[in-house]
Structure formats: structure tokens, C-alpha cells
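In: my questions are about this predicted structure, shown below with the sequence.
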Amino acid sequence: MEPDHRAEPVHDAAGSQGDGHRQLRDPGCPERWLHRDGCVTLVGEFTQAGDTSQIAARLVDVSADGTTKTLVERGLWRPQGDGYDVFQLFANGWKVEDGHVLRVELLPRDSAQTTPNGFVSNYGRPSNNQQDATVEHVEIRIPVLESPGALGGMVQSPSKKILPDRPGVELAPGYEAIGSESIIDYASRVDPCPTGTAGTTEPDCKPTNAKAKLAGKKAKVKGKKLQITLTCEDTNASCAPATVKVQGKVKSKKGKAKKTTIAKGSGIELTPGETKTVSLKLTGKGKKAVKKSKKIKADVTINGEKSGKVTIKGKAKKKK
């Protein structure tokens with residue numbers, strides 16, 4: 001039987017591997033033991049550059065006092081492109097004692113070696129050019145011998161088997177009553193919004209990491225800063241940190257107009273629906289331009305794209 005547990009992040013646990021390792025666990029075995037049997041299934045959204053990296057997965061049993069862990073099963077998998085996918089660890093049988101926690105560790109390698117050179121000194125060879133991976137919307141399915149409803153309802157009825165998006169993949173004989181769904185159908189069901197958006201259903205999907213925009217057409221010099229107004233529209237799920245550059249044409253000593261960076265700033269954060277005045281640092285040339293000009297019309301660029309124009313009131317005095 002399969003208790004379909006949504007993964008919980010674990011920060012301090014026995015045998016922590018440190019940086020580069022992600023740990024996920026089930027809620028623990030309450031009140032009495034549990035018989036684990038079969039292959040653990042992992043499904044989630046994977047983002048990883050290139051096609052030469054691996055994800056090494058381990059299922060471990062962590063003792064009730066959190067001081068020791070025992071390897072139960074393991075597996076290696078090489079993602080092929082970004083998106084939702086599913087894979088299984090090698091099968092094993094295991095008795096989970098009262099109070100113990102089953103934990104899945106996602107690792108960049110399952111080896112004491114840190115490089116792919118030389119002989120394999122552990123379970124698997126490290127990959128060439130191993131890249132960082134982002135794993136989201138993880139679901140861990142742990143098969144057990146107990147019947148659905150056991151252990152206070154922790155054991156649930158088996159879910160449909162998830163089939164990878166590869167030619168020739170079919171449901172194994174004997175699972176017809178449980179049924180199956182493709183990884184594409186699974187992804188549409190649990191995460192209906194397209195990549196780059198967030199929400200609960202397609203009509204409610206909002207862009208994530210959207211670009212902030214310029215709000216207002218005036219900029220004000222205050223000391224060594226230039227103040228402009230930015231906004232993150234409420235139609236976004238989030239806005240990316242803004243890198244802002246203000247550039248305008250300023251006359252040189254020879255009277256020729258030259259494009260000059262007047263002020264700039266980075267790491268500016270806004271929440272959806274927020275509009276605020278931000279202070280940018282005047283450049284050396286920007287300070288001189290403001291001092292000798294009555295008015296400067298400038299372009300505002302946010303994260304590399306033009307977002308509008310502002311008028312900067314200079315400090316030069318009008319001739320009488």
C-alpha cells in the first residue's frame with residue numbers, strides 16, 4: 001500500500017550531508033512499527049542545466065532520538081531536460097520501528113569521491129560537469145504492507161501509477177485496478193499554471209519574477225541620490241529584484257550631446273501591488289550633469305529593458 005506523503009524540508013537531522021544535499025521526510029511512524037516494502041517513487045519538477053548531471057537518492061531510517069540513520073534503499077537518476085518527471089529507487093523490505101522517521105536524501109552524488117576521476121569508491125561514479133538542481137513540488141510515495149487506514153489513517157489507498165513521458169512506457173501487469181496517468185497529466189493536475197507563473201488554476205495564474213515598472217515621469221535629486229518611483233503590478237505573483245539605470249544626453253564642453261549614465265541602483269525589491277519611491281546613486285558624471293543643467297530628459301532601464309522616461313530638474317540657475 002502507498003501512503004502518498006507530501007515532502008517536508010528537514011534542516012537539522014542525523015547524518016546531514018551539508019551543502020548541495022536536499023533532505024525530505026515523511027511525518028514519522030506513530031505509536032507502532034510499519035513494514036516498508038517495494039520501490040519508493042519520487043515525482044516532482046526538476047530544473048537542472050545540461051544533460052550530464054545526476055540526482056542520487058537515498059531512503060534512510062532515522063532513529064527516534066535523531067542520532068543515527070540506516071540506509072534502506074538508493075537509486076541514481078539522470079534528468080533529461082527541465083520539467084516534471086518520476087523515478088524509483090531500488091526495491092527493499094524494511095521494518096520501521098516506533099517513532100522512527102523515513103527520510104529521502106537528494107544528493108549530487110552517491111560516492112565518497114568528489115570528482116569523476118579514478119576508481120569508484122562507493123555506490124556510483126560522480127558525473128562530469130555536475131550542475132546544481134532545483135527540485136519543486138516533490139511527492140514521495142512509500143509502499144507498505146499495511147492496509148489503507150492503518151496507523152491512524154497515515155496509510156492511504158494506492159494512487160494511480162505515474163508513467164514517464166518516454167516511448168514504449170506501459171503500466172506493469174497486475175496494476176490494472178489501480179490504473180495510471182502520464183507525467184504530463186499529473187503535472188497539469190498538481191501544478192496547473194505554466195512555467196513562469198504561479199496560482200491554483202489556469203485563470204488565476206500570475207507571472208512570477210516579473211519586471212518592475214516605472215511609475216511617474218518626474219525624478220528628484222536629493223543630495224547624492226536620484227529619486228524615482230517604481231511599481232510592481234498586482235497582476236503579478238512576484239517581481240524580480242530590479243536593477244535600474246537612468247541615462248540621458250548631456251552636453252560636453254564642446255557642446256556635443258553625449259549619452260551619460262546619471263544614476264543607477266540594484267537589488268530593489270517590490271511586492272505585488274506595491275508602488276514606492278526608490279533612491280538611486282548619482283554617478284560622478286551624473287552629479288556634474290545635474291549641477292550644470294536646468295533640466296534633463298532621461299531614459300529609465302529596468303533589468304536591461306527600457307521602462308519609460310523621466311524629467312530631472314537640474315541645479316543650474318536661469319539667466320536673468
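Out: Noted; the coordinates are in hand.
In: which stretches of the stretch 101-250 of the chain form strands?
Out: When assigned using DSSP state E, counting those that start in this stretch, the strands of the stretch 101-250 of the chain occupy the ranges 101-107, 133-141, 161-163, 180-182, 197-198, 206-207, 213-214, 218-222, 225-231, 242-251.
In: including mean neighbour count, distance to Gly83 and mean pLDDT, could those strands go into a markdown table?
Out: C-beta: built from backbone N, CA, C; applies to glycine. A markdown table is the format used below for those (neighbours: other C-beta atoms under 10 Å; distance: least, C-beta to C-beta, whole Å; pLDDT from 0 to 100):
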| stretch | mean neighbour count | distance to Gly83 | mean pLDDT |
| --- | --- | --- | --- |
| strand 101-107 | 23 | 17 | 90 |
| strand 133-141 | 17 | 11 | 88 |
| strand 161-163 | 18 | 13 | 93 |
| strand 180-182 | 16 | 12 | 93 |
| strand 197-198 | 17 | 15 | 79 |
| strand 206-207 | 18 | 19 | 88 |
| strand 213-214 | 20 | 30 | 96 |
| strand 218-222 | 16 | 43 | 93 |
| strand 225-231 | 20 | 32 | 96 |
| strand 242-251 | 20 | 29 | 91 |
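In: and the ones you listed as JSON lines, adding distance to Lys297?
Out: JSON lines is the format used below for the strands of the stretch 101-250 of the chain (distance: least, C-beta to C-beta, whole Å):
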{"stretch": "strand 101-107", "distance to Lys297": "53"}
{"stretch": "strand 133-141", "distance to Lys297": "42"}
{"stretch": "strand 161-163", "distance to Lys297": "57"}
{"stretch": "strand 180-182", "distance to Lys297": "56"}
{"stretch": "strand 197-198", "distance to Lys297": "36"}
{"stretch": "strand 206-207", "distance to Lys297": "30"}
{"stretch": "strand 213-214", "distance to Lys297": "14"}
{"stretch": "strand 218-222", "distance to Lys297": "10"}
{"stretch": "strand 225-231", "distance to Lys297": "13"}
{"stretch": "strand 242-251", "distance to Lys297": "6"}
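In: which one of those lies closest to Thr115?
Out: Nearest to Thr115 among these is strand 101-107; the distance by C-beta to C-beta comes to 15.1 Å.
In: ok, the closest one: who's next to it in the sheet?
Out: Under the criterion DSSP bridges, strand 101-107 sits next to strand 22-25 (antiparallel), strand 55-62 (antiparallel) in its sheet.
In: show residues contacting the helix or strand following the last one.
Out: This means strand 55-62. Later in the chain than strand 55-62, the nearest helix or strand by DSSP states H and E is strand 69-77. Contact with strand 69-77 is made by 13-15, 36, 39-40, 54-63, 87-92, 94, 102-103, 110, 123-124, as judged by C-beta atoms under 8 Å, 6 or more residues apart in numbering.
In: and the following helix or strand past strand 69-77, which residues are buried?
Out: Remark: after strand 69-77, the chain's next helix or strand is strand 83-88, criterion DSSP H and E. Buried residues in strand 83-88, counting neighbours by 16 or more other C-beta atoms under 10 Å, are found at Tyr84, Asp85, Val86, Phe87, Gln88.
In: of those residues, which is the nearest to Ala150?
Out: Proximity of these to Ala150, judged by C-beta to C-beta, is greatest for Gln88, which lies at 22.7 Å.
In: among the strands paired with strand 101-107, show the one with the smallest mean pLDDT.
Out: By mean pLDDT, the lowest-scoring of the strands paired with strand 101-107 turns out to be strand 22-25, with a mean of 50.
In: among the buried residues of strand 83-88, which one lies nearest to Lys225?
Out: Proximity of those to Lys225 (C-beta to C-beta) peaks at Tyr84, which lies at 45.8 Å.
In: can you check the pLDDT for that closest one?
Out: Predicted confidence (pLDDT) for Tyr84: 88.
In: can you pull out the low-pLDDT segments for the stretch 1-150 of the chain?
Out: Low-confidence segments of the stretch 1-150 of the chain, defined by pLDDT under 70, are located at 1-36, 118-121.
In: show me how the record splits the protein into domains.
Out: For the chain, the structural domains run 4-191, 213-313, going by automatic domain parsing.
In: tell me which of those sits nearest to Thr197.
Out: Smallest distance to Thr197 across those (C-beta to C-beta): 6.7 Å, for domain 213-313.
In: the closest one: how far from the chain's middle?
Out: 30 Å (C-alpha atoms, centre = their mean, to the nearest Å).
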